[in-house]
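J.: Structure of the sequence below:
(one chain, ligands or ions: 1)
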Amino acid sequence: MSDRQKLIVNGGRRLEGELRVHGAKNSALPLLSAAVLAHGETVLHNCPALTDVDVACRILTHIGCKCRRSGDTVTVDATNVFGGEIPDNLMREMRSSIVFLGAMLGRTGRCKLTFPGGCELGARPIDLHLSALRQMGAEIIEQHGYLDCNVGKGLHGAKIVLSFPSVGATENILLAAVTAKGETEIHNAAREPEIVDLADFLSKCGAKIRGAGESVIAIDGVERLEPCEHSVIPDRIAAGTYLCAAAMTRGEMILTHCCPEHMTGFLQVLEAMGMRIYTYGGGKMYLSGKKSYKAPPTVRTMPYPGFPTDIQAPFTALCTTAEGTSVFVETIFENRFRHVSELVRLGASIKTEGRVCVVQGVKQLSGAKVCAAELRGGAALVVASLAAEGTSEISGLQYIDRGYECLEGALRSIGADIKRV
Ligand code: EPZ
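T.: Numbers count the residues shown, from 1 in each chain. Model (predicted):
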């Protein structure tokens, strides 16, 4: 449906007002996978209404769970999980369905799924996932585009050293280790807040985990996990995207239900550009834009707590009208500048060379027809169009709807002239 829709934006209006930040997509997905491990009914609050979350619920239903949503609470009854195969169409709809592998091996001992394969950001290999699970005793046969996995005599603990602090691999190892026999150590683990949220959930279910959020995580396997009730952490990338939108229009914004301490990697860049940021307690923060911004010092995307790769595209959009030249180095993914050609159609002056993107600030963007090719790049086009003179049309909404709850509704509520047709 959303692949035939588009957003019509009449730019040039200053955004001001208050926005509530929805629950984190990149936490809700691994949490929904973790629910497979709990023998009973898990309750997840603050679960965002996103197409990726819908796909995760369809995968859970396919393997025998019962999912239902009421408002922003999703309940997953995993009393009877028969496991088996994650169908290809569902795997293709969401690359991160690989994170179901560890949980399904932990619960049922078997899992067959198609290789998630490359996507809009580059190769998206899963070598770190597979080598870690093999170290824990999983037998994984890769053939005809399928991964056929089973745990043989059962998963056992291992000392795993990740060559890169992969978020997904850290999550898969956690999910496999919590009911494996013995102790697992993850060295060079990802430190993202979503890892901590997953570990908090699993601990509430009875898992024994130490060091989540640090580079070494230790897990003592337990027999069985019981379900629990949990609230998904706020989406730091959605929060950052909203801030870029307000700043793009020289506006001001209050965010609620957010977690500023998860956002330090990029809040300091906004401040370096001349914006004023105030953080209050209770998940509230305030941004006040200015008439003009300086280009920030070179931005390098890094694993947490560095500047997150997911916010690079919306920041690139914001820098198209900053004073001076901004440089972005994308160190995480090899193909994450697909929004650049579309920003140029909006009048931006940007050049890319490999993993480097150089943005020459211009006075004014002007409306155009542009097309999203992936989730965060699509959000960047929306951010830029808000300040572009005249009308813009943005298609490819099926990408944007994967990670933002009704982005146009949120922006309209603080003064944007934007509608979905
Ligand atoms: C998670 O993806 C997020 N997705 C991504 O957000 C995010 O950009 C990424 O982490 C980095 O923060 C979800 O959480 C669902 P990685 P993931 O494994 O787990 C390489 C969004 O827009 N790598 O940390 O796939 C990989 O190719 C999405 O919300 C291997 O080489 O990220 C990449 O270059 C996009 N082998 C780098 O590591 C592996 O086995 C980071 O990947 C695994 C990863």
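J.: C-terminal to the helix or strand hosting residue 203, which secondary structure element comes first?
T.: Element membership for residue 203, per DSSP states H and E: helix 193-204. Next in sequence after helix 193-204, counting helices and strands by DSSP H and E, comes strand 208-210.
J.: Which neighbouring elements make contact with that following strand?
T.: helix 193-204, strand 216-220 (3 or more Cβ pairs under 8 Å, 6 or more residues apart in numbering; DSSP states H and E). C-beta: built from backbone N, CA, C; applies to glycine.
J.: List the buried residues of that strand.
T.: residue 209 (16 or more other Cβ atoms under 10 Å).
J.: Check stretch 103-123 too.
T.: Residues of stretch 103-123 classed as buried: 103-116, 120-121 (neighbour count, 16+ other Cβ under 10 Å).
J.: distance between whichever strand or helix holds residue 285 and the chain's centre?
T.: Under the criterion of DSSP H and E, residue 285 resides in strand 284-288. Distance, stretch centre to chain centre, for strand 284-288: 22 Å (Cα atoms, centre = their mean, to the nearest Å).
J.: which secondary element of this structure has the worst mean pLDDT?
T.: helix 88-93 (a mean of 86; mean pLDDT, DSSP states H and E).
J.: Need the contact partners of stretch 368-379.
T.: Here stretch 368-379 makes contact (Cβ atoms under 8 Å, 6 or more residues apart in numbering) with 119-121, 237, 241, 310-314, 336, 338-339, 342-343, 345-347, 381, 385, 388, 392-397, 399-400, 402-404, 407.
J.: Among the residues you listed, which ones are in helices?
T.: Using DSSP state H to define helices, the subset of the contacts of stretch 368-379 located there is 237, 241, 312-314, 342-343, 345, 381, 385, 397, 399-400, 407.
J.: can you tell me which two in these are farthest apart?
T.: Distance extremes for the ones in helices among the contacts of stretch 368-379: the farthest pair is 237 and 345 at 24.1 Å, using Cβ to Cβ.
J.: Compare these two (neighbour count), which wins?
T.: Looking at residue 237 and residue 345 with other Cβ atoms under 10 Å, you find the greater number of neighbours at residue 237, namely 24 against 18.
J.: Show the pLDDT at the more buried one.
T.: According to the prediction, residue 237 has pLDDT 98.
J.: Test my guess that residue 57 contacts residue 35.
T.: No: when contacts are counted by Cβ atoms under 8 Å, residue 57 is not listed as touching residue 35 (10.1 Å).
J.: Can you check which residues contact both of those two?
T.: With Cβ under 8 Å, 6+ apart as the test, residue 57 and residue 35 both reach residue 76.
J.: Which one's more surrounded, these two?
T.: residue 35 (31 against 19).
J.: Which strands and helices lie in contact with the host helix or strand of residue 141?
T.: Using DSSP H and E, residue 141 sits within strand 139-143. Helices and strands touching strand 139-143, as assessed by 3+ Cβ pairs under 8 Å, 6+ apart, comprise helix 127-135, strand 146-150.
J.: export these to TSV and tack on mean neighbour count, distance to the ligand and mean pLDDT?
T.: Below are the helices and strands packed on strand 139-143 laid out as TSV (neighbours: other Cβ atoms under 10 Å; distance: least, Cβ to the nearest ligand atom, whole Å; pLDDT from 0 to 100):
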stretch	mean neighbour count	distance to the ligand	mean pLDDT
helix 127-135	19	3	97
strand 146-150	18	12	94
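J.: which among the ones in helices among the contacts of stretch 368-379 are in contact with the ligand?
T.: Counting by Cβ under 6 Å from any ligand atom, the subset of the ones in helices among the contacts of stretch 368-379 that neighbours the ligand is empty.
J.: what mean pLDDT would you report for stretch 198-207?
T.: 98.
J.: Can you tell me what sits against stretch 54-72?
T.: Outside stretch 54-72, the residues touching it (Cβ under 8 Å, 6+ apart) are 22-23, 28-29, 32-33, 35-36, 45-49, 74-78, 80-84, 86-87, 90, 93-94, 97, 100, 104, 108.
J.: And the buried ones among these, selectable in PyMOL?
T.: Here is the PyMOL command that selects the buried residues among the contacts of stretch 54-72 (16+ other Cβ under 10 Å):
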select buried, resi 22+23+28+29+32+33+35+36+46+47+48+74+75+76+77+78+81+83+86+90+93+94+97+100+104+108
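J.: so which two of the buried residues of stretch 103-123 are the farthest from each other?
T.: 109 and 120 (33.2 Å).
J.: what angle do the strand holding residue 141 and helix 127-135 make?
T.: For strand 139-143 against helix 127-135, the angle by axes from the mean of the first three to the mean of the last three Cα atoms, to 10 degrees is 140 degrees.
J.: Partner strands of strand 139-143 and their direction?
T.: strand 146-150 (antiparallel) (DSSP bridges).
J.: helix or strand right after the strand it pairs with?
T.: strand 159-161.
J.: got a list of contacts for that next one?
T.: Defining contact as Cβ under 8 Å, 6+ apart, one finds that strand 159-161 is touched by 132, 135-136, 173, 184-188.
J.: and with 7 Å instead?
T.: Strand 159-161 is contacted from outside by 132, 135, 173, 184-188, using Cβ atoms under 7 Å, 6 or more residues apart in numbering.
J.: before we move on, what about stretch 5-18?
T.: Residues contacting stretch 5-18 (Cβ under 7 Å, 6+ apart): 245-246, 249-254, 256, 367, 382, 385-395, 397, 408, 411, 413-421.
J.: For PyMOL, write the selection for the buried entries among those.
T.: Here is the PyMOL command that selects the buried residues among the contacts of stretch 5-18 (16+ other Cβ under 10 Å):
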select buried, resi 245+246+249+250+251+252+253+254+367+382+385+386+387+388+392+394+395+397+408+411+414+415+416+418+420
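J.: For the stretch 51-200 of the chain, which residue gets nearest to the ligand?
T.: residue 168 (2.8 Å; Cβ to the nearest ligand atom).
J.: how many neighbours does that residue have?
T.: By other Cβ under 10 Å, neighbour count at residue 168 equals 22.
J.: which SS class is it?
T.: Here residue 168 is recorded as helix under DSSP: H, G, I helix; E, B strand; the rest coil.
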